[in-house]
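S.K.: Whatever this is, show me its structure:
(2 chains)
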There are 2 protein chains.
Amino acid sequence: MRKSDVIQLIFHRPPPTDPKHEKGLAFAPTNIALVKYWGKRDAELNLPMTSSLSIALPDKGAMTTVMLQDQAQETVIVNDREIPSDSEFVKRITQFLDLFRPEKKWHLNINIKMNIPIAAGLASSACGFASLISALNDLFGWQLAAHQLSILARLGSGSAARSFWTGFVEWHAGVQSDGMDSVAEPLSVEWPGLCVGLLTMSDKEKPISSREGMQRTVNSSILYTAWPKKVTQDLAILKQALHVKNFPLLGGTAESNALTMHATMLASWPPVCYFLPETIAAMQQIWSLRRQGLALYFTEDAGPNLKLLFLEEDIGAVKEHFPSVEVVNVFEKE
Amino acid sequence: MRKSDVIQLIFHRPPPTDPKHEKGLAFAPTNIALVKYWGKRDAELNLPMTSSLSIALPDKGAMTTVMLQDQAQETVIVNDREIPSDSEFVKRITQFLDLFRPEKKWHLNINIKMNIPIAAGLASSACGFASLISALNDLFGWQLAAHQLSILARLGSGSAARSFWTGFVEWHAGVQSDGMDSVAEPLSVEWPGLCVGLLTMSDKEKPISSREGMQRTVNSSILYTAWPKKVTQDLAILKQALHVKNFPLLGGTAESNALTMHATMLASWPPVCYFLPETIAAMQQIWSLRRQGLALYFTEDAGPNLKLLFLEEDIGAVKEHFPSVEVVNVFEKE
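M.R.: All right, here's what the predicted structure looks like:
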């Protein structure tokens, strides 16, 4: 099964690419997985080994503007800086766009504004690809539904499948080889007062991409065999925690899931380690504060930065101990 | 099966405890596991889930002197400092000695000199218990063989089973419930030029004992299920590396085994993490040097300190990058 087959299944014809507007514009929030996606069962379609569950940061993410341009290639601008056309990022975008232009007639000017660090484990490629496909949907007037955009965005970056909604989102692993059931959907639950704190230890690009780290883990880590079971358990517990609003259960499950993911990486060869010394220092501090009674947990993606999990009532305490933290009150109404 | 049953199996009568000398004296080297012992199948007898393989540091360890004393309890002196009788360490020693005095008639003055940091992941309890049982053997004239001492020392501290020989030592997990086949033996292989570098990040006592960390891992870490398989694989590879003197194979296997052990801990709940920020900084530096071509590997026990593995020809390079390293040229003849 190839990506082009999925395009056919969504559009039932070559994707219409006559512009409906001068510009296509869309925002996609970044998402933080509480139960992680780590490992693919199909690298071509980015089909995951397991389901995953995330929370969106409503105001953090990527705003993407696309316009047709009369040039022989894409222009990609991220945060006002043009990205070299031979970079990995532009190549990935170009390959993704190729899916929608089987005969390669048009090229785009793509302007992405992100208010999160790029490739530092803050799901920049997730919100990047989600906003890009939504912007294309706008430009070409495809009028696709969110679950269809979720499937298409996944072809660019797996976790992008989750970046089409705010709040809690579950990405179902699915079982089909065409991935048409590997789609995300929002959960009908809110948690006013739930906060995510971005603790940025490094905004440098990570030395091992998620893609490479995942592949190495699946191929070489003996501990990975236990990962699908861990996810199954954690998804059930986390949904229970959401249902009864048990915050320590949510926090503990998310933290344990993240640590277990990083554990599977450490057992890879060569070792995959996204920890920096600062990461460990922050973890040790969080564990110490928790022993003192503060309901503070963390999660960590494929990068050195931590995302703190806590409740609104503890914002003051968290800021006191982590002055640089950027707090997102996830369900706060403007 | 109880510890006292093992005493019966070794001595076939109450252990003779009339002193043959005024003092009993013995040295036991510390040992660094290249394939780790992590997890017990029997907590009473310290029977391990898996076999393990270590290398002894010939000049690093514990020298223990024991003398009968006319007092109602033990006196335990470590590095010229008397240890409070209500401390965990003295309690463990007292309970261990109780095995050899079913009627509790005598007490000892125990003087231990260690030239390694205590309870910092340098197997201080291993060489401590190994030297203690050997000193008792000397004091009471038991004339026990090394493999019998190995079984007895294990009752005090699991990895003490390995501290009766220099060079490479394998501790066989065994299958019997009485543990009489859970005994260590030296491997008939030497590796002139093999070096261990002690890189001490902290000589503070570790916050979670090996005993507690092990138990929590076995009870709560889903990844632990894959650990026995990892050990089986690594033992086979490591023996092959010893046989053909393939140093990168030895180093890589030892490092991967250690990281996998720490990975199983990270997936415990509450998390068991012996990493300090300095540990991660040193690991990252080692990986960076290896990418530059230096054949440098590490192993790490239940503590924050790393033990570097390298060959004699690279002593200069290792000292240049890690000025504080203490190098032990394991098979060097005096």
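
S.K.: same for the biggest strand by length in chain A, what does it pack against?
M.R.: Ranked by residue count and defined by DSSP state E, the top strand of chain A is strand A:52-69. If you count contacts as 3 or more C-beta pairs under 8 Å, 6 or more residues apart in numbering or on different chains; DSSP states H and E, strand A:52-69 packs onto strand A:24-35, strand A:107-114, helix A:124-140, strand A:168-171, strand A:194-199, helix A:227-244, strand A:326-329. In this view, the C-beta of every residue, glycine as well, is placed from N, C-alpha and C.

S.K.: Within range of chain B, give me the residues from chain A.
M.R.: Contact residues, chain A versus chain B (C-beta under 8 Å from any C-beta of the partner chain): A:222-223, A:225-226, A:229-230, A:233, A:252, A:255-256, A:259-260, A:262-264, A:266-267, A:269-271, A:273, A:275-281, A:283-284, A:287.

S.K.: Which among those count as buried?
M.R.: For the residues of chain A next to chain B, a burial check counting by 16 or more other C-beta atoms under 10 Å in any protein chain shown picks out A:222-223, A:226, A:230, A:252, A:255-256, A:259-260, A:262-264, A:266-267, A:269, A:271, A:273, A:275-280, A:283, A:287.

S.K.: what helix or strand does A:Arg211 sit in?
M.R.: helix A:210-220 (DSSP states H and E).

S.K.: Can you pull the phi and psi angles for the residue lying closest to A:Lys36 once chain neighbours are set aside?
M.R.: Using C-beta to C-beta, 6 or more residues apart in numbering or on different chains and skipping residues adjacent in sequence, the residue nearest A:Lys36 is A:Met261, 4.7 Å away. The phi and psi values for A:Met261, taken as degrees, to the nearest 10, are phi -60, psi -50.

S.K.: So A:Met261 sits against A:Trp38, correct?
M.R.: Yes: assessed by C-beta atoms under 8 Å, A:Met261 is found in contact with A:Trp38 at 4.9 Å.

S.K.: quick one: common contacting residues for these two?
M.R.: Common contacts of A:Met261 and A:Trp38 (C-beta atoms under 8 Å, 6 or more residues apart in numbering or on different chains): A:Trp227.

S.K.: Give the helix, strand or coil label for the nearest residue to A:Leu266 once chain neighbours are set aside.
M.R.: Nearest non-adjacent residue to A:Leu266, counting by C-beta to C-beta, 6+ apart: B:Ala263, 4.3 Å away. Counting by DSSP: H, G, I helix; E, B strand; the rest coil, the backbone at B:Ala263 sits in helix.

S.K.: Can you read off the pLDDT for B:Ala263?
M.R.: What the model reports as pLDDT for B:Ala263 is 98.

S.K.: For it, list the residues it contacts.
M.R.: Neighbour list for B:Ala263: A:223, A:262-264, A:266-267, B:223 [criterion: C-beta under 8 Å, 6+ apart].

S.K.: Poorly predicted segments of chain A, please.
M.R.: Applying pLDDT under 70 to chain A picks out residues A:117-123, A:334.

S.K.: can I see the domain layout of it?
M.R.: Domain ranges of chain A: A:3-186, A:194-329, per automatic domain parsing.

S.K.: and B:Gly24, which of these is closest to it?
M.R.: With C-beta to C-beta as the criterion, B:Gly24 lies closest to domain A:194-329 of those, at 42.1 Å.

S.K.: can you pull the buried residues of stretch A:165-173?
M.R.: Neighbour counts over stretch A:165-173 (16+ other C-beta under 10 Å) mark A:165-171, A:173 as buried.
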